[in-house]
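> Build me a model:
(2 chains)
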Amino acid sequence: MSNACPYIVCLWLTMTSAVLVNGQSAALNATLSEAIESYDAAMDSASRDERLRLFQQAELLFARLATGPSGVRNGNLYSNLGNAALQAEHLGLAVLSYRRALYIEPGHRQARQNLEHARSLLPDWVPRAAPAGNADTFFVWAQQLSLRVRWLLAAAMFLSGSALLAAAIRWERLLFRNMAVLGLVTWMLLLAATLWQQLRPPLADAVVTRSEAIARAADATNAPARFGEPLPGGTEVQVEQQRDGWAHVRLADGRDGWLRSSDLGFVCDIPKELSGAASTQLNSGSSAR
Amino acid sequence: MYVPRSVWRRQFGTDGGPSVAARVHDSRKDRWNRPTWLAPIFVTLILAWASLASAAEPVVQVEADGPHFAGIPSVVRILVKGFDQEPEPQFVQPDATPGLQVELINVVPHVSQRIEIFNGRQTNYSSVVYDFRFRMLADKPGAYTTGPFYIQQGQTRVTHQAIDVKFEDIAADKDTRVLIKLPDRAVYPGERVLVEVQWWYASDTDNIRNLTVRSQLFDQFNFVEEKPDQRDQLLPIQTAKGSVGLKAKVSKETFRGRSYIVLTASPQFIPDKPGEFNFPPTVATMNKVVRWRRDFFRGKVPAATVPTKSTGQAVRLVVRPYPREGRPESFVGAVGNGFAMEVTADRTVVRVGDPIGLTVRVRGEGRVENISLPPLDVDGGMSADRFRLPAGELAGTLEDGVKTFPVSVRVLDANVREIPALAFSWFNPNTETYQTTHSAPIALRVEEAELVTAADVVSRVATTDPQDSPKTDAGATDQASHAETAPGTAVAHSSAHHADLSIEVSPERLLTNQRPRISETLAQAACYLGGLTLLMLAVWDRRRRLVDPQVARQRQNLREHQQRIQSAAGLPRDVAAKRIADSLRAVAANANAEQRSRIEPLIAQCEEIIYVPEGGNGELVQPEFVARAAGLTAEILQETA
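Residues are numbered from 1 along each chain as shown, chains lettered A, B, ... in the order given. Below you'll find the predicted structure:
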């Protein structure tokens, strides 16, 4: 009997973990269903207030999926979150979510399209993110594919190129050699594009998530305002320094200022703050009604 | 007492102080009092140095000739030759040295051009020397190390190692006093605090050159800028950001029986955070003329100066945090006195949901430019249940001392009859109490909204572009979002980029973590390993096929004989010897002379065994013998490769 104890414990642990995984998956599915229902209900609602409330609810639920304990890292999910935030009139969170969707899945068509739309909603004086550089333009074809697909494709191209090269060596056929060169060049381009994308992550890219944030000349509440107008939610900035709850940011046109760190969301950081910010906005929206 | 402005400007000017020896010395040796005719010579020498310099590598040189004195700014120069004329090189500020300020004053490029005509061929040479000038200021005497210095132009970067600078002490001047007077009471963040800076002098002010007053108070806080008039007297103050001239009054005072001329400046500063600040004594430094001479026009010019200083008292300032007790909700950091708030609305007859543009104006005695608008729903203001209010901190614009905040609110309840009085609170540092003012309420007439359902808008859009946007698109969003607004309310934004606001509903496509899976990693590894294996196989095959067929046959033969010899180990002596002898004879055909000389004795031994009359008697061949024969065959096989 004593010999069977380890097996029983292992079996029990396996079954327990399976039940837990299934339970977590069921909870995620339930939250997702609720979010989608809220979004659909918002789309069908005739009342503006009701619609806003439902979009905010959908936003909160999508945010919970993306940043909750499960922390699903999925471009489609962030794109949905961006759509809900955009419709809930939370432009800052919408821009941040689209940026995160593109960070996870650079080729996400919908996120890219909606990010352009969200940027166009900002006031004219707000500098937009810099256009793509030469390297980005050169590798634009690769941006249509996700990183995972690109890595796999690169490996497959290497295999096929190597096979063709081996065939060219074995049978000394010019056709094989040319095709092998083509395959290996494609492999190298894919590899370079993927590495280019991965080696320069937007570590310091951030988005103003509050509806308005006053940029100050120094990291103090009483410091004078840096610009004539507050930075609207959705303004994309580069964070150069963080100190005592303040962040030194630089806009796309080179101007700089200090913002409260709580007013910002980082693109490559996918923290719990988003859900916090979303819930804060949801609460303020609810209380406003 | 009035002192002519030109005299004070000349005597107490802020244009940087010379370094003068602690002892009396001749001003001709003083770098800063050097005759003006030396300047062109100096520049010419620099240009000559530049033109002769090799253009290959930029060279950097630091000039920090002393003596340097604590409390008196010294100028240090970094000369860089070998850079291009464009763009202007950038200086990388060295790491801060405690107690030493290093500040870049300016950059002067000295450009030289040379034309050579040789055998009718003209060649132009051009070079530039960049002259970086710094102001160095040490608080206390002692040796300081600053640097290394980096100067960069494009991708080119030159470095000069850290330099050691010694700052000497200065003798105290008994004719001079310096005072800083702070308020006796504690102050509060955001308050304008008046400070009095006084410099007293009991002798002839004509003897004073390069007066500078320095206190850490000026570095700690931001002073309210006040631009002096042309006619104002100035008291030079050294701060971490550079030298500034404070507007000052001149008076005559008596202290301990001595008569002084007193220069008093009254700047205001604004503490931005609470705390207790202890500042070391204020120091005034100057150069005192001890000998005069006559110039070419019989004018009186200093012939010798001596640096002196005067030290004041240490000062202490307590900046208290705002009291928590009695703090109104509408207090958002305004400090001052006599604030007033006025609110106007752009419309008073509205439907539910319509925006109302409010203009809130705040004025008062304090830092009006930095005040924010408090939340509108506090202290009896607009209820969040009845109005939709803007979220977050609101910024306004300042004009003629009035801060104006444009605010857009929406009425949510048809029973609303007025915009209630809004509250604005501030802290009065004199009475140390919070005070609140209210705006006047504004009467409203609110009617029920006329609903335009979003379903109509969505269905219209859906028929326009059903494929790309199954639920709605951005146009629909904007219109739907503002569907209930009044006809006169324009859509806030127009976009050239249409959004696709359909959402993904598949759990498989939403809840899958888009991280590389193990299977994908394995697949990639398999691809790369498979490709490399194929390449290696192909290369091996090619090498194999490139071998001469005759050599290959020889090698095959040798391998077969090697195996035959090795297999003889288990046979009777005579049979084994015959087999080994046959194989060795065949192997000898591929062997060189030396190897053949070693094979022949082996064959002879084999024959001895074979031709022994009684035969092998069933005995096995010796393994050492077999091994020798097999080893020899292997050696020949290896040489055939």
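> When you work out contacts or count neighbours from here on, use the C-alpha atoms and nothing else.
Noted.
> Quick check: closest non-adjacent residue to residue A:156.
residue B:527 (6.1 Å; CA to CA, 6 or more residues apart in numbering or on different chains).
> Verify the contact between the one you found and residue A:159 for me.
Yes: if you go by CA atoms under 8 Å, residue B:527 and residue A:159 touch, sitting 5.2 Å apart.
> Neighbours of the closest residue to residue A:230 other than its chain neighbours, how many?
Take residue A:230 and drop its neighbours on the chain: the residue closest to it by CA to CA, 6+ apart is residue A:214, 4.4 Å away. By the criterion of other CA atoms under 10 Å in any protein chain shown, residue A:214 has 26 neighbours.
> Distance check, residue A:214 against residue B:396.
10 Å (CA to CA, to the nearest Å).
> Residues in contact with both of these two, list them for me.
residue A:229 (CA atoms under 8 Å, 6 or more residues apart in numbering or on different chains).
> Tell me the buried residues in the host helix or strand of residue B:629?
In this assignment (DSSP states H and E), residue B:629 forms part of helix B:623-640. For helix B:623-640, burial by neighbour count (16 or more other CA atoms under 10 Å in any protein chain shown) applies to B:625, B:626, B:629, B:630, B:632, B:633, B:634, B:636, B:637.
> Likewise for stretch B:599-616?
Quick answer for stretch B:599-616 (16+ other CA under 10 Å): B:599, B:602, B:603, B:606, B:607, B:609, B:610, B:616.
> Could you pull up the residues touching the closest residue to chain A within the stretch 101-250 of chain B?
Per CA to the nearest CA, the residue of the stretch 101-250 of chain B with the smallest distance to chain A is residue B:190, at 6.3 Å. For residue B:190, the contact set (CA under 8 Å, 6+ apart) comprises A:222, B:270, B:271, B:272, B:333, B:334, B:335, B:367.
> which residues of the stretch 251-400 of chain B fall in helices?
In the stretch 251-400 of chain B, no helices are defined using DSSP state H, counting those that start in this stretch.
> Where does the prediction get shaky in it?
Scanning the stretch 251-400 of chain B for pLDDT under 70 picks out B:392-393.
> Tell me the residues of it that contact chain A?
Residues of the stretch 251-400 of chain B lying near chain A by CA under 8 Å from any CA of the partner chain: B:272-273, B:333, B:369-370, B:384-389, B:391-397.
> of the residues you listed, buried ones?
Buried residues within these, counting neighbours by 16+ other CA under 10 Å: B:272-273, B:333, B:369-370, B:384, B:386-389, B:392-397.
> Reformat the buried residues of stretch B:599-616 as a markdown table; add secondary structure and pLDDT.
What follows is the buried residues of stretch B:599-616, written out as a markdown table (DSSP: H, G, I helix; E, B strand; the rest coil; pLDDT from 0 to 100):
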| residue | secondary structure | pLDDT |
| --- | --- | --- |
| B:599 | helix | 88 |
| B:602 | helix | 88 |
| B:603 | helix | 90 |
| B:606 | helix | 88 |
| B:607 | helix | 86 |
| B:609 | helix | 84 |
| B:610 | helix | 83 |
| B:616 | coil | 56 |
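> ok, those residues vs residue A:176, which is closest?
Nearest to residue A:176 among the buried residues of stretch B:599-616: residue B:599, at 50.3 Å, using CA to CA.
> what stretches of the stretch 151-289 of chain A score poorly on pLDDT?
Scanning the stretch 151-289 of chain A for pLDDT under 70 picks out the ranges A:197, A:199-203, A:269-289.
> biggest strand in chain A by residues?
Secondary structure of chain A per DSSP state E: the longest strand is strand A:236-243.
> For the most centrally placed residue in chain A, give me its contacts.
With distances taken as CA atoms, centre = their mean, residue A:100 lies nearest the centre of chain A, 1.3 Å away. Shown in contact with residue A:100 (CA under 8 Å, 6+ apart): A:75, A:78, A:267, A:268, A:270.
> which of the residues you listed has the most neighbours?
Neighbour counts for these peak at residue A:75, which has 31 neighbours (criterion: other CA under 10 Å).
> Could I get the pLDDT score of that residue?
You'll see residue A:75 listed with a pLDDT of 88.
> Is the host helix or strand of residue A:198 in proximity to chain B?
Using DSSP H and E, residue A:198 sits within helix A:174-199. No: judged by CA under 8 Å from any CA, helix A:174-199 makes no contact with chain B; its nearest approach is 11.0 Å.
> That helix: which residues count as buried?
Buried residues in helix A:174-199 (16+ other CA under 10 Å): A:176-177, A:179-181, A:183-184, A:186-187, A:190-191, A:193-194, A:197.
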